[in-house]
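S.K.: sequence first, predicted model second:
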Amino acid sequence: MLNEETYEKLISMRMHGLAAAFDDYLKERRHDKLTFEERFGLMVDREWTERQERKLKRRLTGAKLREPACVEDINLDDLGISPIGDLERRDLLEVLEDRHGVRSTIVTSQIPVNKWHDTIGDPTIADAFLDRLLHRAHRIELKPGPSLL
């Protein structure tokens, strides 16, 4: 009875994410080994995430963009800063294949594009990777100079 009242109060206070997390906890009890603070933190995180998603959706709707906005863009930051293993190469190629021509992908790297074949490692995967990235890309190449730090 107390759980139902708690759930209803969360809904009436417009804490839908917290209510959903509380309901999931009651149904699944998969977090029984966590401390109260850890469980509570997970529930608050869910509420916060749902509020952020609603805020973003509201802003995108209000922006009146000419084209639909995509919030599923990804940014590959500092590509090649560490060696890329075979599994990572294949996973990255799969992601790029799924996104090719459908979603935006932003790549930043300190390594010039003409050195990416060496960085990626496997020449066949490197060709496929670069084909999907550079075919319709907008490239901005920075000139070497003093660091901004």
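M.R.: Arrived safely, thanks for sending.

S.K.: by contact count, what packs against the top helix by length along the chain?
M.R.: Secondary structure of the chain per DSSP state H: the longest helix is helix 36-62. When contacts are defined as 3 or more Cβ pairs under 8 Å, 6 or more residues apart in numbering; DSSP states H and E, helix 36-62 packs onto helix 16-28. Quick note: C-beta positions are derived from backbone N, CA and C, even for glycine.

S.K.: can you give me the helices in the chain?
M.R.: For the chain, the helices defined by DSSP H cover 2-12, 16-28, 36-62, 86-99, 116-120, 123-134.

S.K.: out of the ones you listed, flag the one nearest residue 143.
M.R.: The closest of these to residue 143 is helix 116-120. By Cβ to Cβ, the value is 18.4 Å.

S.K.: who's in contact with the closest one?
M.R.: With contacts defined as Cβ atoms under 8 Å, 6 or more residues apart in numbering, helix 116-120 is touched by 79, 80, 84, 89, 109, 111, 123, 126, 127, 129, 130.

S.K.: do that again at 10 Å, thanks
M.R.: The contact list for helix 116-120, computed with Cβ atoms under 10 Å, 6 or more residues apart in numbering, reads 79-84, 88-89, 92-93, 107, 109, 111-113, 123, 125-130, 133-134.

S.K.: repeat for stretch 12-21
M.R.: Identification of contacts with stretch 12-21 by Cβ under 10 Å, 6+ apart yields 6-11, 22, 31, 39-40, 42-54.

S.K.: per-residue confidence averaged over it?
M.R.: Along stretch 12-21, the predicted confidence averages to a pLDDT of 89.
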